[in-house]
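Novice: Just need the structure, nothing else, for what follows:
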Amino acid sequence: MHRRLIFFAISSLVAASVIQHPLVELADSQTLVNTKPLVSSNAIQNDISSNKLLERAKHLYKLAELAVEEYNHPTRVIGSKGHLATIDYIYSTLADLGDYYDISNQAFPAVVGNVFESRLVLGHSTPKSAGPMSLTPPTKHKEPVYGPLVLVADDGCEASDYPANVTGSIAFIRRGTCPFGTKSENAGKAGAVAAVIYNNIQGNLSGTLGQPSEYHVATFGISDVDAEPFVKKLQAGETVDSSAYIDAIVEKIRTTNVIAQTKGGDPENCVMLGGHSDSVAEGPGINDDGSGTLALLEIATHLTKYRVNNCVRFGWWSGEEEGLLGSDYYVSQLSKEENMKIRLFMDYDMLASPNYAYQVYNATNAVNPVGSEELRDLYTEFYEAHGQNYTYIPFDGRSDYDAFIKNGIPAGGIATGAEGVKTKKEAEMFGGTAGESFDHCYHQLCDAVDNLNLEAWELNAKLVAHSVATYAVSFKGFPERIAITKNAFPERSLYHGPKPVM
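Specialist: Next up is the predicted model:
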């Protein structure tokens with residue numbers, strides 16, 4: 001069965017499953033909620049244990065295995081059976097909690113891509129760093145294409161940068177100034193049969209073309225080192241005959257955010273937190289972001305024991321790995337009045353990296369909505385109170401906080417590291433191994449249950465619980481929101497999601 005047909009078939013099953021979990025309507029539900037003790041940080045932290053989190057992780061991996069027949073390995077990428085089952089698991093778990101939450105599924109259109117095979121040959125060599133961009137289309141007829149490599153002027157951001165002889169050729173474009181998708185689109189409009197974007201800084205280049213365009217062509221990224229000899233040859237007037245091949249799909253589907261808000265608490269003052277429910281196509285995503293997804297679900301479960309003064313709203317976003325699709329859509333649908341009800345947003349993505357560091361987004365009020373820095377300080381004070389070190393990391397648009405701060409909502413979050421390499425100083429601060437990635441299984445098949453550091457996950461889950469309890473009780477000392485002020489990213493970010501976009 002075609003994967004899109006599978007998606008709609010499974011969507012029907014998910015809908016049916018949702019119907020099987022009706023919310024219990026109690027006339028005196030608010031009275032019952034009010035008899036519960038007010039949530040406290042210590043109480044809800046004590047509810048959190050690594051054993052319970054691990055049980056959920058094992059179940060999530062089994063859900064990822066439902067996609068094996070489609071992808072030949074476990075995954076929870078949007079549109080797969082593994083992700084549809086994840087959405088159902090989140091919703092049904094919340095529904096089984098009774099009448100504590102208002103729960104909704106927010107469906108929206110999304111784009112998903114998958115590269116099955118690729119090959120790039122420049123001259124007589126295959127660059128070791130060559131890799132297809134995410135959401136790249138295939139080469140024509142999914143067959144190899146041939147043509148000379150043509151150097152594009154400047155950064156390839158203007159139509160005038162593309163010489164006439166790029167038609168029927170492979171465009172060779174320097175990174176910089178504008179998004180990768182714009183470069184690919186310009187190459188396609190100029191008649192190129194494929195495009196290669198080379199890094200303008202040290203290192204390999206992988207990224208995403210973003211929103212599909214009819215003019216996009218099959219596009220690769222390569223490192224500055226691999227590109228240098230070819231740039232010199234082309235500048236010297238030499239011909240570099242080349243070939244490119246990509247077998248890929250880019251297709252539109254519908255996917256779903258899950259939102260749950262406490263029925264108790266002041267609905268005009270909400271503390272909101274979220275994590276993404278999807279993984280990349282390459283693996284099951286049990287750390288990225290199963291660790292965030294499940295921490296939120298565990299905390300949402302225990303929060304039902306308590307009453308809250310301010311409403312608490314949870315969001316499980318879909319399509320983060322494809323470019324923050326779910327969180328972008330959610331914020332875009334908020335009216336001004338609904339936007340203003342969210343006092344802050346907390347992002348929890350990758351909380352259990354095996355070679356972890358305790359990382360806090362360096363969200364300052366100087367370049368973000370006021371209140372972001374106060375949230376940052378709450379995290380650092382928690383780590384200090386528990387005798388733990390921490391580091392600040394860039395608040396640069398790599399996760400689902402992006403749409404919130406761009407629309408005036410204070411935000412922040414914590415993480416434990418992805419593909420970045422742990423320094424010697426960080427190894428002294430947190431243990432682990434210097435010179436290795438924080439998560440050596442980042443965006444890979446091995447991001448499974450045994451990829452989790454349970455010690456880091458439990459402490460971070462307790463910190464998430466602490467952040468919920470703190471603001472669910474009071475916003476005293478936290479800046480009031482007066483208006484929707486869009487005060488973030490004075491310069492364009494290189495990221496809009498986990499992959500670079502420019």
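
Novice: Can you classify Gly168 as helix, strand or coil?
Specialist: coil (DSSP: H, G, I helix; E, B strand; the rest coil).

Novice: Not counting sequence-adjacent ones, nearest residue to it?
Specialist: Residue nearest to Gly168 in three dimensions, not counting chain neighbours: Gly147, with 5.4 Å by CB to CB, 6 or more residues apart in numbering. C-betas here are computed from N, CA, C, even on glycine.

Novice: What's the separation between Ile201 and Ser223?
Specialist: Per CB to CB, to the nearest Å, Ile201 is found 10 Å from Ser223.

Novice: and the residue nearest to Gly168, bridged to which residues?
Specialist: Ser242 (DSSP bridges).

Novice: Quick check: the gap between it and Phe230.
Specialist: Distance, Gly147 to Phe230, using CB to CB: 14 Å.

Novice: Between the two, which has more neighbouring residues?
Specialist: Phe230 (22 against 19; other CB atoms under 10 Å).

Novice: Please, which helix or strand holds the more buried one?
Specialist: Phe230 is part of helix 224-235, with elements assigned from DSSP states H and E.

Novice: Now for Glu321: which residues touch it?
Specialist: Residues near Glu321 by CB atoms under 8 Å, 6 or more residues apart in numbering: Val77, Ile78, His276, Asp278, Ser279, Val280, Gly285, Gly497, Pro498.

Novice: Buried residues of stretch 323-332, list them for me.
Specialist: By neighbour count on 16 or more other CB atoms under 10 Å, the buried set for stretch 323-332 is Gly323, Leu324, Leu325, Gly326, Ser327, Asp328, Tyr329, Tyr330, Val331.

Novice: okay, those in CSV with pLDDT and secondary structure next?
Specialist: Formatted as CSV, these follow (pLDDT from 0 to 100; DSSP: H, G, I helix; E, B strand; the rest coil):
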residue, pLDDT, secondary structure
Gly323, 95, coil
Leu324, 97, coil
Leu325, 97, helix
Gly326, 98, helix
Ser327, 98, helix
Asp328, 97, helix
Tyr329, 98, helix
Tyr330, 98, helix
Val331, 98, helix
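
Novice: And those residues, which is closest to Gly265?
Specialist: Comparing these against Gly265 with CB to CB places Tyr330 closest, at 19.8 Å.

Novice: can you give me the strands in this protein?
Specialist: Secondary structure of the chain, counting by DSSP state E: strands at 101-122, 131-132, 145-151, 170-174, 194-198, 219-222, 241-262, 266-276, 310-317, 342-348, 359-361, 391-393, 411-415.

Novice: between the ones you listed, which gets nearest to Cys441?
Specialist: When the strands of the chain are compared by CB to CB, strand 411-415 sits nearest Cys441, at 15.2 Å.

Novice: Next up, the contacts around Ser129.
Specialist: Ser129 sits in contact with Asn204, Leu205, Gly221, Ile222, Ser223, Val225, Asp226, where contact means CB under 8 Å, 6+ apart.

Novice: what about Ile201 and Ser223, which has more around it?
Specialist: Per other CB under 10 Å, whichever of Ile201 and Ser223 has more neighbours is Ser223, with 19 against 9.

Novice: ok, for the more buried one, nearest residue in space, not its chain neighbours?
Specialist: Using CB to CB, 6+ apart, the closest residue to Ser223 is Ser129 (3.9 Å).

Novice: Over to Leu344?
Specialist: Pro410 (4.5 Å).

Novice: Counting neighbours, what do you get for that neighbour?
Specialist: Around Pro410 sit 26 other residues, with neighbours defined as other CB under 10 Å.

Novice: correct me, but it touches Arg343?
Specialist: Yes. With contact defined as CB atoms under 8 Å, Pro410 and Arg343 form a contacting pair (7.3 Å).

Novice: Find the residues that touch each one of the two.
Specialist: Residues touching both Pro410 and Arg343 (CB under 8 Å, 6+ apart) are Gly371, Arg481.

Novice: domains in the chain, as residue ranges please.
Specialist: Domains of the chain are assigned by automatic domain parsing as 22-100+263-473, 112-251.

Novice: how far away is Asp289 from Cys270?
Specialist: The gap separating Asp289 from Cys270 is 22 Å, by CB to CB.

Novice: Looking at those two, which is more packed in?
Specialist: Asp289 (32 against 22).

Novice: which residues does the more buried one contact?
Specialist: Taking CB under 8 Å, 6+ apart as the test, what Asp289 contacts is Gly275, His276, Ser277, Asp278, Ser279, Glu320, Tyr348, Asp349, Met350.

Novice: Turn the strands of the chain into TSV, columns for mean pLDDT and distance to Asp47.
Specialist: Compiled in TSV, the strands of the chain are given as follows (pLDDT from 0 to 100; distance: least, CB to CB, whole Å):
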stretch	mean pLDDT	distance to Asp47
strand 101-122	96	17
strand 131-132	98	43
strand 145-151	98	58
strand 170-174	98	53
strand 194-198	98	48
strand 219-222	98	45
strand 241-262	97	16
strand 266-276	98	16
strand 310-317	98	15
strand 342-348	98	17
strand 359-361	98	23
strand 391-393	98	28
strand 411-415	98	19
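
Novice: Ok, which of those strands comes nearest Ser49?
Specialist: strand 342-348 (17.5 Å).

Novice: quick one: strands adjacent to the closest one?
Specialist: Here strand 342-348 is paired, per DSSP bridges, with strand 266-276 (parallel), strand 411-415 (parallel).

Novice: for this protein, which residue is closest to the average position?
Specialist: Glu320 (3.6 Å; CA atoms, centre = their mean).

Novice: ok, now which ones touch the closest residue in space to it that isn't next to it in sequence?
Specialist: Residue nearest to Glu320 in three dimensions, not counting chain neighbours: His276, with 3.3 Å by CB to CB, 6+ apart. Contacts for His276 (CB under 8 Å, 6+ apart) come out as 289, 292-293, 316-321, 326-327, 349, 399-400.

Novice: can you do 7 Å?
Specialist: For His276, the contact set (CB atoms under 7 Å, 6 or more residues apart in numbering) comprises Asp289, Trp317, Glu320, Gly326, Asp349, Asp400.

Novice: now do Leu303
Specialist: Val39, Ile44, Val312, Val468.

Novice: any idea which of the residues you listed is closest to Gly387?
Specialist: Closest approach between the contacts of Leu303 and Gly387, by CB to CB: Ile44, at 20.7 Å.

Novice: can you pick the most crowded of the contacts of Asp289?
Specialist: Counting neighbours by other CB under 10 Å, His276 comes out on top of the contacts of Asp289 with 33 neighbours.

Novice: What lies in contact with the longest helix seen in the chain?
Specialist: For the chain, the helix reaching the highest residue count under DSSP state H is reported as helix 454-473. Helix 454-473 is contacted from outside by 38-41, 44-45, 48-50, 53-54, 265, 271, 273, 291, 295, 298-299, 303, 308-310, 312, 344, 346, 348, 351-353, 356, 378-379, 382, 386, 414, 416, using CB under 7 Å, 6+ apart.
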